[in-house]
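J.: kindly return the folded structure for what I paste below:
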Amino acid sequence: MTAAENVCYTLINVASDSEPPSEVSLKADLEKGEIKAKTEALKKVIIMILNGEKLPGLLMTIIRFVLPLQDHTIKKLLLVFWEIVPKTTPDGKLLQEMILVCDAYRKDLQHPNEFIRGSTLRFLCKLKESELLEPLMPAIRACLEHRHSYVRRNAVLAIYTIYRNFEHLIPDAPELIHDFLVNEKDASCKRNAFMMLIHADQDRALDYLSTCIDQVHTFGDILQLVIVELIYKVCHANPSERARFIRCIYNLLQSSSPAVKYEAAGTLVTLSSAPTAIKAAAQCYIDLIIKESDNNVKLIVLDRLIELKEHPTHERVLQDLVMDILRVLSTPDLEVRKKTLQLALDLVSSRNVEELVIVLKKEVIKTNNVTEHEDTDKYRQLLVRTLHSCSVRFPDMAANVIPVLMEFLSDTNEAAAADVLEFVREAIQRFDNLRPLIIEKMLEVFHAIKTVKIYRGALWILGEYCCTKEDIQSVMTEVRRSLGEIPIVENEIKKETGEVKPEDEVSAAPAQKLVTEMGTYVTQSALSSSRPSKKEEDRPPLRGFLMDGDFYVAASLATTLTKVALRYVAIVQDKKKQNSFVAEAMLIMVTVLHLGKSSLPKKPITDDDVDRISLCLKVLSECSPLMNDIFNKECRKSLSHMLTVRLEEEKLSQKKESEKRNVTVQADDPISFMQLTAKNEMTSKEDQFQLSLLAAMGNTQRKEAADPLASKLNKVTQLTGFSDPVYAEAYVHVNQYDIVLDVLVVNQTSDTLQNCTLELATLGDLKLVEKPSPLTLAPHDFANIKANVKVASTENGIIFGNIVYDVSGAASDRNCVVLSDIHIDIMDYIQPASCTDAEFRQMWAEFEWENKVTVNTNITDLNDYLQHILKSTNMKCLTPEKALSGFCGFMAANLYARSIFGEDALANVSIEKPIHLGPEAPVNGHIRIRAKSQGMALSLGDKINLSQKKANA
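T.: As a prediction, the model looks like this:
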């Protein structure tokens, strides 16, 4: 057995640049040195033994000159020394000298100082030689009655370890500890004793718990946690015991310790599915989320609530707690709020939707009053989307929601205003009874809209849905007011030359009378400013957009004016009024065209916008019934069709979700009766404690592990050749933010290799946590070395290095074997995710790194190629299935994924099938990848390049 395989509990940092001292100098220091010198010498001895040196000559020296010393530091170091020093001869018999050591520790177990007693007892937990422990048993038993709790709790641990490893040394341990537990007052001692009984003699642990089950809520939190674990294990193994302990778990939900409450709630859910139990557990989780300050804790507990919701029967119970769940919105963290809103939306029903909407409206208004924070806008967007979803699912709520949200159309944050606009557009199309209310509110806020995109959308809504004579005239008044004095070109030239003062223009504007009627909006209007500081500031909003060269809004304006003019002609019978209104609409279009062709705007008008405005002028001049139908009916039909398709998609996705959740039972499935089930068949549920422990250790069994191809051997990388003096191979285990390299090193020579060191370096965003310790390898011996690597971001990392060693007795320099590179796969960190089209476009515009990958594959079908790319890159296709169905020779799709580090990756697939080359022609085209970091964009591109050539088998 090599030194590397010996179990070592104590981790010691070794300075790599220090020279190993000689045995003679160490012996001299240990025999004749001062306390300080002896301490340093003992440290060096420990490090040398850890590195594989045997040093048998120093054993007696340490026993004679160091063991009798009473210095606490030396005593602590000696415990480490006796833990790692070889205690047996090569044939497995105990060394004679160890009897002296055993006697010294018997004295330490009776030492008046509690620190020495306690640390000695801790050391005894690590001893694996029963011959050494046997003489110490009476002294260990006596320590159970020591006055100090530190000694007593370590005595319990020592007895537990000895009983587990060598039961014959203390066969009455459970009985002894049970008696100790009954009389003990200290919480830590009781916890250790109770934990031992759980693992050594569960019946005694249950007997003790039965005697004090009513006092459990008065115990310390560390003991309560162990009690929760015991109850879980007992009820998991024997469900008939549930009724006996469920009251105790209920009581522990009221514990003062958050950890106990969390574990008790989790245990209660697994033990009982009664509505009262689920409600109590959920209430406990909600209290924890609100009271705990750590956002990570909030997110973990929220996940438990979401897990509860997945169960159909639990969902009904949680629906009554929606208002309690919304209390979590007081947390400032955006991720917590996002999850909370999603959970509330999933649980909302017709019973509580009204209360939900009231709370969300208050939250929206709060965001308006908060001083601008980077997450406030995003939170407002989340609230708007949640209210949108509520209104679509429960149409009665729309009338309450719309007036509040319409105020945000004038928001400077375009994303939030765009969400509101999308909601308003859907509401005005779906709910006929709300149209007058929406039009009225839209006209009120129209002149305060600050962004051109929202302005265009508002114009379209007003043009499409204003049907009465009064509304149409109001739209025209608002448009004139937003444009200012016309003709625009002459007015602007006069301003430049100073012939017209801004004050004169404002006072002469026809919209002035309307401003006073609006009341609260007087001061906000750009027209009402009497002393503008800059020439741009006194411009009305629409004129400002046009002067900036944004003539797409002019095309939108022309369409709106055409629609309302055609509608006005149909409503009003008076020919004079008809002609007057149409002439005014045409005048506005002409003056905008004139402005676009002049040199005044920052950018000239585009040809497309000229064509659109010209078309609208032609339609108004002719007023044909066909054009009337196209402008006033077909546009609305298109919107209606789009909304219907979207609703169908949402229903389809919800149906898929509910199908996933509903557990289908086949007609011929056997029925299991709990009372008739044997204990060894109770494997329907896994042990939650065991699962959480495995997850913490990074040993979670993935579902794919059932596949024989996905075995560990797939992740073994050969690092050196078979003919190298040192053979090495590594198993690469990726566990979220850590990579563990388990390297097997084999000495293939007949020499002893000393100071055999694995030297590693990394390329990319990887960081080596610690340098592996050097080893001594006997001829043809082998050892395992573990190295931890931290991962900081998503990009392909490379780990490279070499193994260096000295040959025993050789005078030459150090030998070196260069290792092959280990490539870390980016796919371990990328997960599919979804986002809205608007978010995708925004990120696409913001991300500066683009990687264009040319399609080079032998796959002949467009859809097969897309599915192959999705599978190999772990990305999600955002383009709906309906848009991809059918065959037209080309395909465009948007893909999205997010890394576990929160980095976004976008991809746009543009591929075509060259039909003229025949049916067997491969797909060609491009994939454009965009990401915030260069590493992510390049790594994804490399991954696609490597995988797209895979045969279409």
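
J.: what number of residues lie near Phe220?
T.: Careful, residue 220 is Gly; it's not Phe. For Gly220, the count of nearby residues is 15 (other C-beta atoms under 10 Å). Quick note: C-beta positions are derived from backbone N, CA and C, even for glycine.

J.: give me the nearest residue to it, chain neighbours excluded.
T.: The shortest distance from Gly220 to any non-neighbouring residue, by C-beta to C-beta, 6 or more residues apart in numbering, is to Ala187 (3.3 Å).

J.: got the domain boundaries for the chain?
T.: Per the TED database, the domain ranges recorded for the chain read 348-446, 459-494+539-637, 713-824, 828-951.

J.: any chance of those domains in a markdown table, plus distance to Lys43, mean pLDDT and mean neighbour count?
T.: Below are the domains of the chain laid out as a markdown table (distance: least, C-beta to C-beta, whole Å; pLDDT from 0 to 100; neighbours: other C-beta atoms under 10 Å):
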| stretch | distance to Lys43 | mean pLDDT | mean neighbour count |
| --- | --- | --- | --- |
| domain 348-446 | 51 | 79 | 18 |
| domain 459-494+539-637 | 74 | 81 | 18 |
| domain 713-824 | 15 | 84 | 17 |
| domain 828-951 | 40 | 84 | 17 |
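
J.: which among these is found nearest to Lys36?
T.: Smallest distance to Lys36 across the domains of the chain (C-beta to C-beta): 25.7 Å, for domain 713-824.

J.: now the closest one, how far from the centre of its chain.
T.: 32 Å (C-alpha atoms, centre = their mean, to the nearest Å).

J.: could you pull out the strands for the stretch 601-750 of the chain?
T.: Secondary structure of the stretch 601-750 of the chain by DSSP state E, counting those that start in this stretch: the strands cover 716-718, 726-735, 738-747.

J.: how about these in TSV, adding distance to Glu407?
T.: Output for these, formatted as TSV (distance: least, C-beta to C-beta, whole Å):
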stretch	distance to Glu407
strand 716-718	60
strand 726-735	48
strand 738-747	48
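
J.: relative to Asn352, which of those strands is closest?
T.: Closest approach to Asn352 among those is made by strand 726-735 (41.0 Å; C-beta to C-beta).

J.: parallel or antiparallel, list what pairs with that closest one.
T.: For strand 726-735, the paired strands and their directions (DSSP bridges) are strand 716-718 (antiparallel), strand 738-747 (antiparallel).

J.: hmm, who's touching the longest one?
T.: Strand 738-747 has contacts (C-beta atoms under 8 Å, 6 or more residues apart in numbering) with 698, 719, 725-733, 753, 756, 758, 760, 766, 772, 775, 777-791, 799, 803, 822, 824.

J.: rewinding a little: Ala905 is nearest to which of the strands paired with strand 726-735?
T.: strand 738-747 (20.3 Å).

J.: can I get that closest one in PDB, CA atoms only?
T.: Only the C-alpha atoms of strand 738-747 are listed here, as PDB (Å, rounded to 0.1, in the frame of the first residue of the first chain):
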ATOM      1  CA  ASP A 738     -15.500  22.600 -10.500                       C
ATOM      2  CA  ILE A 739     -13.500  20.100 -12.600                       C
ATOM      3  CA  VAL A 740     -11.900  17.200 -10.700                       C
ATOM      4  CA  LEU A 741      -9.000  15.500 -12.400                       C
ATOM      5  CA  ASP A 742      -8.400  12.000 -11.000                       C
ATOM      6  CA  VAL A 743      -5.000  11.100 -12.500                       C
ATOM      7  CA  LEU A 744      -3.600   7.600 -12.300                       C
ATOM      8  CA  VAL A 745       0.200   7.600 -12.400                       C
ATOM      9  CA  VAL A 746       2.100   4.300 -13.000                       C
ATOM     10  CA  ASN A 747       5.800   3.800 -12.500                       C
END
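
J.: distance to Val392 added to the strands paired with strand 726-735, as TSV?
T.: Formatted as TSV, the strands paired with strand 726-735 follow (distance: least, C-beta to C-beta, whole Å):
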stretch	distance to Val392
strand 716-718	52
strand 738-747	43
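
J.: I'd assumed Thr717 was in contact with Glu729.
T.: Yes. At 6.6 Å, Glu729 counts as touching Thr717 under the criterion of C-beta atoms under 8 Å.

J.: now do the contacts for Phe81.
T.: Neighbours of Phe81 in contact, by C-beta under 8 Å, 6+ apart: 42, 45-46, 49, 62.

J.: the same query, at a cut-off of 7 Å, please.
T.: Shown in contact with Phe81 (C-beta atoms under 7 Å, 6 or more residues apart in numbering): 42, 45-46, 62.

J.: over to it. Which of the three states is it?
T.: Put simply, Phe81 is helix when judged by DSSP: H, G, I helix; E, B strand; the rest coil.

J.: ranges for the strands of the stretch 51-200 of the chain?
T.: Under the criterion DSSP E, counting those that start in this stretch, the stretch 51-200 of the chain contains no strands.

J.: please apply the same query to the stretch 851-953 of the chain.
T.: Assigned by DSSP E, counting those that start in this stretch, the stretch 851-953 of the chain shows strands spanning 876-877, 890-899, 904-912, 924-931.

J.: in TSV, list those strands along with distance to Leu302.
T.: Listed next are these as TSV, based on distance: least, C-beta to C-beta, whole Å:
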stretch	distance to Leu302
strand 876-877	23
strand 890-899	18
strand 904-912	22
strand 924-931	28
